[in-house]
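1. following is a predicted model, sequence given first.
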Amino acid sequence: MKKILVSLGCLCFTTLSFSQHYTFETVTDLESTPVISQGITGTCWSFSTSSFLESEIMRITGKEIDISEMYNVRNTYPKKAWNYVMRQGKAQFSQGGLAHDVINSVERYGLVPQSVYSGLKEGQKKHNHIEMVSVLEAMLKVYVENPAKTLSGDWKAAIESVLDVYLGPKVDEFTYEGKKYSPQSFLDMTKIQPEDYVSVTSFLHEPFYTSFVLDIPDNFSNGSFYNLKLDEFIQVIDHALENGYTLGLDCDVSEPTFSQKHGVAVIPENEFEKKAILEDIKQEKSITPEYRQQEFENFHTTDDHLMHIIGKVKDQEGHIYYKVKNSWGTDKTRVGDSGGYIYMSVPYMKLKAISVMLHKDGLSKDIRKKLNL
């Protein structure tokens with residue numbers, strides 16, 4: 001694990017070169033755990049937010065703890081199933097979720113380490129939820145159709161049983177580093193307080209400085225987001241990183257200029273430079289709040305993927321990029337490239353970031369005052 005903490009105003013001159021044309025210099029690099037893979041699953045929301053909480057545990061306690069992503073997933077699926085059935089199939093049931101779903105799980109069910117709950121069967125090395133989700137979907141459709149005209153009270157237990165088979169039963173007590181814990185006492189040991197975490201976004205269809213339920217498909221749990229002006233949204237990210245706080249990120253990654261292979265995410269000014277900009281610095285588009293809103297309402301910006309913002313770099317021309325930890329492993333990058341990290345430009349963040357999650361203490365006093373936090 002890379003352990004580099006950059007104090008305020010201090011610039012680390014480590015040079016990172018991952019292509020023929022881009023050369024990056026570290027500005028801020030906060031502590032995080034190694035890049036891992038979510039496998040063949042749609043559980044980026046748990047991998048990214050678990051990574052975020054691991055950095056929070058390091059920031060708060062100095063402890064490096066690998067927490068279980070699948071424990072959060074195991075606790076969230078029954079909530080998804082309930083939502084789907086109670087809305088009589090008029091809601092989305094999918095593998096997707098958002099950062100606050102992990103926080104909700106942590107608040108109710110605590111935390112456990114990866115060593116205690118991996119979600120993998122013996123001999124299994126990679127997560128694959130295709131069969132599990134297909135079985136769950138088929139069951140839920142039957143419950144919604146209700147062929148017996150009266151739902152059995154056992155349907156929820158049946159869902160739990162399927163999750164037990166594929167992911168493993170819930171954990172009540174375990175031993176970690178020679179000490180016995182429950183999930184709740186383990187959470188207490190990490191010093192994570194779920195109520196301390198907030199999500200912020202920036203859209204024009206809701207009043208600024210208020211919270212609202214963001215209408216995106218994966219927000220099945222109706223989580224609320226604080227709405228800021230676009231420049232303030234970017235300022236929140238910058239202020240947090242400069243003061244030692246990482247952030248969870250919900251983002252659109254469907255653009256051809258988001259490239260794990262090249263390790264960059266950029267928005268070219270000229271459409272014909274979409275390929276060239278992946279390897280060479282080009283002029284990027286100026287992003288206005290109006291253009292951001294237009295792309296969101298046209299479904300050109302969607303909540304595709306969640307990741308973890310852990311730092312900032314700059315290229316040889318002085319342009320700033322955010323260092324974003326991904327959960328697609330490191331095997332999709334070329335040798336000598338970013339190793340599972342994406343360097344995301346400010347224009348890309350302005351246009352394609354749906355929201356960020358952070359500890360409320362990572363907000364500036366001015367923003368906290370505007371949000372009444």
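-> Sure thing, it's come through.
2. ok, now which ones touch I234?
-> I234 makes contacts with V346, M349, K350, as judged by C-beta atoms under 8 Å, 6 or more residues apart in numbering. (Each C-beta comes from the backbone N, C-alpha and C, glycine too.)
3. the stretch 51-200 of the chain: helices as residue ranges?
-> 69-86, 99-109, 130-145, 155-167, 183-190 (DSSP state H, counting those that start in this stretch).
4. need the helix or strand of this structure with the lowest average pLDDT.
-> strand 15-17 (a mean of 42; mean pLDDT, DSSP states H and E).
5. okay, now A148: neighbour count?
-> 8 (other C-beta atoms under 10 Å).
6. quick one: it and K274, what's the gap?
-> 54 Å (C-beta to C-beta, to the nearest Å).
7. just give the number of residues close to N72.
-> Neighbours of N72 using other C-beta under 10 Å come to 28.
8. does it touch S46 like I think?
-> Yes: in this structure N72 lies within contact range of S46 using C-beta atoms under 8 Å: 4.6 Å.
9. joint contacts of those two?
-> Common contact partners of N72 and S46 (C-beta under 8 Å, 6+ apart): D101, V102.
10. next up, the contacts around the nearest residue to K141 once chain neighbours are set aside.
-> Once flanking residues are discounted, K141 sits nearest to G89: 6.9 Å by C-beta to C-beta, 6 or more residues apart in numbering. Taking C-beta under 8 Å, 6+ apart, we find G89 in contact with L140, K141, V144.
11. run the last query once more with 10 Å
-> L140, K141, Y143, V144, E145 (C-beta atoms under 10 Å, 6 or more residues apart in numbering).
12. quick one: which of the helices of the stretch 51-200 of the chain is nearest S55?
-> S55 lies closest to helix 183-190 among the helices of the stretch 51-200 of the chain, at 11.7 Å (C-beta to C-beta).
13. and the closest one, what's buried?
-> Residues of helix 183-190 classed as buried by neighbour count (16 or more other C-beta atoms under 10 Å): P183, F186, L187, M189, T190.
14. equivalent analysis for stretch 296-305, please.
-> Of the residues in stretch 296-305, F296, T301, T302, D303, D304, H305 count as buried by neighbour count, 16+ other C-beta under 10 Å.
15. with respect to E232, which of those residues is nearest?
-> F296 (17.3 Å).
16. A strand includes the closest one, no?
-> No: under DSSP: H, G, I helix; E, B strand; the rest coil, F296 sits outside any strand and is assigned helix.
17. if I look at it, how far off is E242?
-> Taking C-beta to C-beta, one finds F296 at 28 Å from E242.
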